[in-house]
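Enquirer: have a look at this prediction, sequence included:
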Amino acid sequence: MTVAVRNEFAKQEGYSKSTYSHYTDFKYNYQFIISKSSSYKLSKTEKQELPEPSIKSIASLYKDNSQSEKDKEQLSFGNAEISIDVGEKSFTLPKALNLVAEQIEEAKEILDYPLDWDEEGALPTDKETFVEAVSFIVSYALWIYKNYDEIIKPPYIDLMKDGAVSVHWETENAQLLIIFNKAEDFRLEEEKLAHFYAERKENRIPLKSAIKPGAEIDEFIGLWMKKNLT
């Protein structure tokens, strides 16, 4: 479509030249993404269910220039989300955090590890402990994404010999390790805590502390993660 034809169509339909230009560019990008959807791990069913954006939806999107790129992405993907089920507990993440979701899904296999899974007396974990670890990952990944439009790197989730679940992020510049112990490892009068160790590689003075699993977002930790793990 030539620029002259594009502008004439926009005039007839009552849209600005800028809006219609955005629409045609956006539609092209949409079609390109769908054609390459295997890289986004979309199934044929999901691909068929994605609604093609209309010029009205694009016009409303560009009516306010303050709209974020994240809003455009959500429009093009039909607000697609990823659901992760752990027993009766369900977590939801946006497609933008698909690598985090994949890592959690892969880690679910540790729930099937039996007693003596390493042939050296290692203990199994339980769903409660695994859910606490996943809840921490999901909560902070979402907080960073929604507040700063940043995507956290996927962590490595593993099982320790005592049945605790470890969550480890490591980037070129920093690392964070947090350990979620099983409830039975705490005495009745003890507060259940998850201890963590964080460091920036250019500064060898580590940050060591603990959080209460399921507690509200600690903004200090969240900002540290946003700065060093995205």
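Expert: Happy to help now that I have it. Quick caveat, the model's predicted, so the values are computed rather than measured. Numbers count the residues shown, from 1 in each chain.

Enquirer: next SSE downstream of the helix or strand containing Lys146?
Expert: Using DSSP states H and E, Lys146 sits within helix 127-148. Downstream of helix 127-148, the first helix or strand assigned by DSSP H and E is strand 156-159.

Enquirer: how about Gly222, secondary structure?
Expert: Secondary structure assignment for Gly222 (DSSP: H, G, I helix; E, B strand; the rest coil): helix.

Enquirer: is it true that it touches Ile144?
Expert: Yes: Gly222 is in contact with Ile144 according to CB atoms under 8 Å; the separation is 6.4 Å. For the C-beta atoms, the positions are set from N, CA and C on the backbone; glycine is no exception.

Enquirer: quick one: which of those two has more around it?
Expert: Shown here are Gly222 and Ile144; by other CB atoms under 10 Å, Ile144 has more neighbours (22 against 17).

Enquirer: which parts of stretch 167-187 are buried?
Expert: Going by neighbour count (16 or more other CB atoms under 10 Å), the buried part of stretch 167-187 is Val167, Trp169, Ala174, Gln175, Leu176, Leu177, Ile178, Ile179, Phe180, Asn181, Lys182.

Enquirer: just checking, the fourth one touches His168?
Expert: Going back to what we said before, that points to Gln175. Yes: with contact defined as CB under 8 Å, Gln175 reaches His168; the gap is 7.0 Å.

Enquirer: could you pull out the strands in the chain for me?
Expert: 81-86, 89-94, 156-159, 165-170, 174-180, 194-200, 203-211 (DSSP state E).

Enquirer: pull up the pairing partners for the fifth one, direction included.
Expert: Sheet partners assigned to strand 174-180 using DSSP bridges are listed as strand 165-170 (antiparallel), strand 194-200 (antiparallel).

Enquirer: picking up where we left off before, for the helix holding Lys146, name the packing helices and strands.
Expert: Using 3 or more CB pairs under 8 Å, 6 or more residues apart in numbering; DSSP states H and E, the elements in contact with helix 127-148 are strand 81-86, strand 89-94, helix 98-107, strand 165-170, strand 174-180, helix 219-228.

Enquirer: just put these in a markdown table and tack on mean pLDDT and distance to Ala210.
Expert: A markdown table is the format used below for the helices and strands packed on helix 127-148 (pLDDT from 0 to 100; distance: least, CB to CB, whole Å):
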| stretch | mean pLDDT | distance to Ala210 |
| --- | --- | --- |
| strand 81-86 | 89 | 23 |
| strand 89-94 | 92 | 23 |
| helix 98-107 | 95 | 22 |
| strand 165-170 | 96 | 14 |
| strand 174-180 | 95 | 9 |
| helix 219-228 | 94 | 11 |
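
Enquirer: for Glu199, which of those is the nearest?
Expert: Glu199 lies closest, by CB to CB, to one member of the helices and strands packed on helix 127-148: strand 174-180, at 6.1 Å.

Enquirer: tell me the angle the closest one makes with helix 127-148.
Expert: Strand 174-180 runs at 140 degrees relative to helix 127-148, counting by axes from the mean of the first three to the mean of the last three CA atoms, to 10 degrees.
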